[in-house]
Structure formats: structure tokens, C-alpha cells
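Participant: only the shape, not the letters, is given here:
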């Protein structure tokens with residue numbers, strides 16, 4: 001009689017433990033789903049802002065997406081977008097060095113990302129632009145020396 005009573009309580013405790021575990025798992029899954037939706041919303045909004053030419057706000061939206069995703073995808077997409085924003089020809093605050101650092105960060109932090117190859121191409125293009133600027137400066141200096 002006492003053993004049946006103990007088994008019954010073991011079963012109830014096991015049931016409660018399973019119920020708590022399931023609830024925690026479901027809460028984490030729901031929390032993750034909400035986070036993914038927030039990240040996607042920020043990325044979509046950033047793309048729309050980029051189309052409108054609002055580069056500052058597009059950067060902010062990508063930074064929000066990156067902050068929410070951390071080192072997980074689609075953080076790679078946010079970093080790639082920020083690199084593109086700094087190279088955009090109509091962006092008055094374009095900065096190739098910042099762009100280069102974003103593309104390098106993407107390759108370092110997300111080596112498995114499908115965007116790494118495009119980032120490598122951008123790095124090559126940006127490095128060629130920087131070298132051509134250096135050559136232009138050297139040519140100008142040589143012209144000045146020759147005119148003296």
C-alpha cells in the first residue's frame with residue numbers, strides 16, 4: 001500500500017518536472033521567434049530607408065538588427081549592408097575605410113556566411129580604389145616637384 005503511494009507521488013513529481021521543462025522550452029522558442037521577427041523588421045526597414053537615400057537611418061536600423069542578432073545570422077546581413085551603405089556613391093558620408101572594416105568583420109565573424117565571397121570582392125575593389133588614390137597623390141607630388 002505504501003509503495004503505491006510513493007509511486008504515485010514520483011509520477012506526479014515527474015509530470016510536474018516535464019511540464020516545467022516543456023514550458024521553459026516553449027518560452028525560449030517563442031522568445032527566439034519574436035527576436036527573429038524584430039531583426040527581420042529592422043533589416044527590411046533599413047533596405048527601404050536605403051532606397052529612399054536615408055543612409056543615416058538605414059545604418060541605425062542595421063545596427064539595431066546586429067545588436068539583436070549578435071554573432072548569429074542575420075547579423076552577417078546587417079554588417080554587409082553597413083559596408084554597402086558606406087560605399088554608396090550618393091552617400092555624402094561615404095567612407096571606404098569603414099566599409100572595408102565592415103566587410104573584413106563579416107569575413108572574420110561569419111566565415112560560413114553566403115555573403116563572404118561578395119565581401120571579399122568588395123574588399124578587393126576598395127583596396128584598388130585606395131591604391132589608385134595613393135598613386136594620384138604621388139603623381140601630384142611629382143608634378144609639384146617638377147614645376148619648381
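Facilitator: Thanks, I have the structure now. Bear in mind the structure is a predicted one, so any value in this text is a computation, not a measurement.

Participant: quick check: the residue nearest the centre of the chain vs residue 94, distance?
Facilitator: In the chain, the centroid-proximal residue (C-alpha atoms, centre = their mean) is residue 75; its distance is 2.6 Å. According to C-beta to C-beta, to the nearest Å, residue 75 and residue 94 sit 23 Å apart. For glycine as for every other residue, the C-beta is placed from the backbone atoms N, C-alpha and C.

Participant: swap in residue 56?
Facilitator: Going from residue 56 to residue 94 by C-beta to C-beta gives 12 Å.

Participant: top helix in this protein by residue count?
Facilitator: helix 2-52 (DSSP state H).

Participant: could you say what helices and strands it packs with?
Facilitator: Under the contact criterion of 3 or more C-beta pairs under 8 Å, 6 or more residues apart in numbering; DSSP states H and E, helix 2-52 touches helix 55-69, helix 75-87.

Participant: now find how far off-centre that helix is within its chain.
Facilitator: Per C-alpha atoms, centre = their mean, to the nearest Å, the displacement of helix 2-52 from the mean C-alpha position of its chain is 24 Å.

Participant: re the thing from before, grab the nearest non-local neighbour of the residue nearest to the centre of the chain.
Facilitator: Distance criterion C-beta to C-beta, 6 or more residues apart in numbering; nearest residue to residue 75, sequence neighbours excluded, is residue 69 at 3.9 Å.

Participant: was I right about the one you found contacting residue 79?
Facilitator: No. Taking C-beta atoms under 8 Å as the definition, residue 69 is not a contact partner of residue 79, at 9.8 Å.

Participant: neighbour count: the two, which is higher?
Facilitator: residue 79 (27 against 22; other C-beta atoms under 10 Å).
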